[in-house]
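Colleague: Please work out how this folds:
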Amino acid sequence: MALGETITTLRKQKGLSQEQLSEQLGLTRQTISKWELNQSTPDIEYIIRLSEIFEVTTDFLLKGKKEDPVTKEDNSSPIVIQNNKSNIKDIFGLCFGLGLTFSGLSFAGIIIFIVCSALNPWTTVEGSKVFTGVIGFVKGTETEGFFYLLLLILFVSFGFVLYGLAGRVLLSKSKQK
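Modeller: Alright, predicted model coming up:
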């Protein structure tokens with residue numbers, strides 16, 4: 001909502017005419033009319049005074065948020081809190097889902113390396129060290145970087161799974177209180 005529309009709506013909710021509002025602010029009725037028609041905007045001093053008259057925050061006045069205005073007597077807005085908890089729950093769910101997906105994909109990739117190393121065993125010698133099994137296979141086929149990247153993705157994505165689970169558990173415990 002534009003500032004002019006917000007001023008008009010709040011003025012009418014207070015039961016004030018443009019003339020009455022202009023008298024409270026020490027301005028002309030034409031100034032109020034120009035604000036409401038978005039032909040001009042009030043200075044910051046008048047924004048603050050309007051917020052006091054209408055008993056709303058300057059943030060509400062300027063942004064014209066769709067939530068209920070927060071009055072001086074009531075500094076809580078349960079609708080906003082409800083929406084925020086829902087968004088937080090969605091974020092935890094997204095972390096859990098993405099973590100589970102990437103964990104599964106990277107785990108499948110590691111299993112493929114294990115199966116390939118069993119079907120096609122490699123022995124790799126580097127200096128005085130001899131590598132066999134999966135490590136021998138990835139060193140011998142020069143896929144060591146990819147294998148370690150899969151391990152890294154597995155551990156990081158598993159962290160996301162745990163974060164998502166822990167967040168949802170904490171959020172559900174806070175709802176019970």
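
Colleague: Domain-wise, how is the chain divided?
Modeller: The chain breaks down into these domains under automatic domain parsing: 3-63, 78-176.

Colleague: Val169 and Ile91, how far apart?
Modeller: Val169 sits at a distance of 14 Å from Ile91 (criterion: C-beta to C-beta, to the nearest Å). In short, each C-beta sits where N, CA and C put it, glycine included.

Colleague: Which one's more surrounded, these two?
Modeller: Neighbours were counted for Val169 and for Ile91 using other C-beta atoms under 10 Å; Ile91 has more, 14 against 11.

Colleague: State the helix or strand in which that one lies.
Modeller: helix 78-119 (DSSP states H and E).

Colleague: same question, Gly164
Modeller: Element membership for Gly164, per DSSP H and E: helix 144-176.

Colleague: Now do that helix against helix 78-119, angle only.
Modeller: Interaxial angle, helix 144-176 versus helix 78-119 (axes from the mean of the first three to the mean of the last three C-alpha atoms, to 10 degrees): 150 degrees.
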